[in-house]
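[1] sequence and predicted structure, then a few things I'm wondering about:
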Amino acid sequence: MSTARPHGVLQNGFDLVDDDERVLATFDGSVWGERGTVTVAGREWGFTRGAGRLLLTEAGRPVAHARRRGLLSPSWEIGYDGRVGTLTKRGVRSPRYELCDGAGTPLGAVAQRSWTGRALDVRLPDALRPETQAFVAAVVLTLMRRARSAGA
């Protein structure tokens, strides 16, 4: 299990750390829009929004995407490493998003650690590369920000 530990109150980013407190990936998001960077061992990927999708890009080429499955759907299509799965919101008060493979088999989840906190528990398979795990956590963070903005 990993934890997405937020950078600060006025910042939109996190360090993805493992149980031994080692930083696996860092997400530095913009406070002004749905964009940022994911960094793993000095290597960077872009996190951007475009054409109705959230994208993880490397050298301008998409390597992962998230796209809502329908206008009112709680599910998002997640594409990564040539695979397609779904990310579906399961919790109401404390958001929990479940990641399933293309056949609907649960792979893991990303959930808000506490009702009032910003830290996320990231329970995704180790087979997912750190940048992909950080991307999924950044998508969840983005969806949580959208929900807060809509409720304000």
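    Yep, that arrived. These numbers were taken from a predicted model, which means no experiment stands behind them.
[2] got a list of contacts for the helix or strand residue 150 falls within?
    Counting by DSSP states H and E, the element that carries residue 150 is helix 130-151. The contact list for helix 130-151, computed with C-beta atoms under 8 Å, 6 or more residues apart in numbering, reads 2, 4, 12, 14, 16, 24-27, 29, 34, 36, 38, 40, 43, 45, 47, 54, 56, 63-64, 66, 76, 78, 80-81, 87, 89, 95, 97, 99, 110, 112, 120, 122, 124, 128. The way it works is simple: take the backbone N, C-alpha and C, and place the C-beta from them, glycine included.
[3] of those, buried ones?
    When those are checked for burial by 16 or more other C-beta atoms under 10 Å, the buried set is 2, 4, 12, 14, 16, 24-27, 29, 34, 36, 38, 40, 45, 47, 54, 56, 63-64, 66, 76, 78, 80, 87, 89, 95, 97, 99, 110, 112, 120, 122, 124, 128.
[4] among these, name the ones in strands.
    2, 4, 12, 14, 16, 24-27, 29, 36, 38, 40, 45, 47, 54, 56, 63-64, 66, 76, 78, 80, 87, 89, 97, 99, 110, 112, 120, 122 (DSSP state E).
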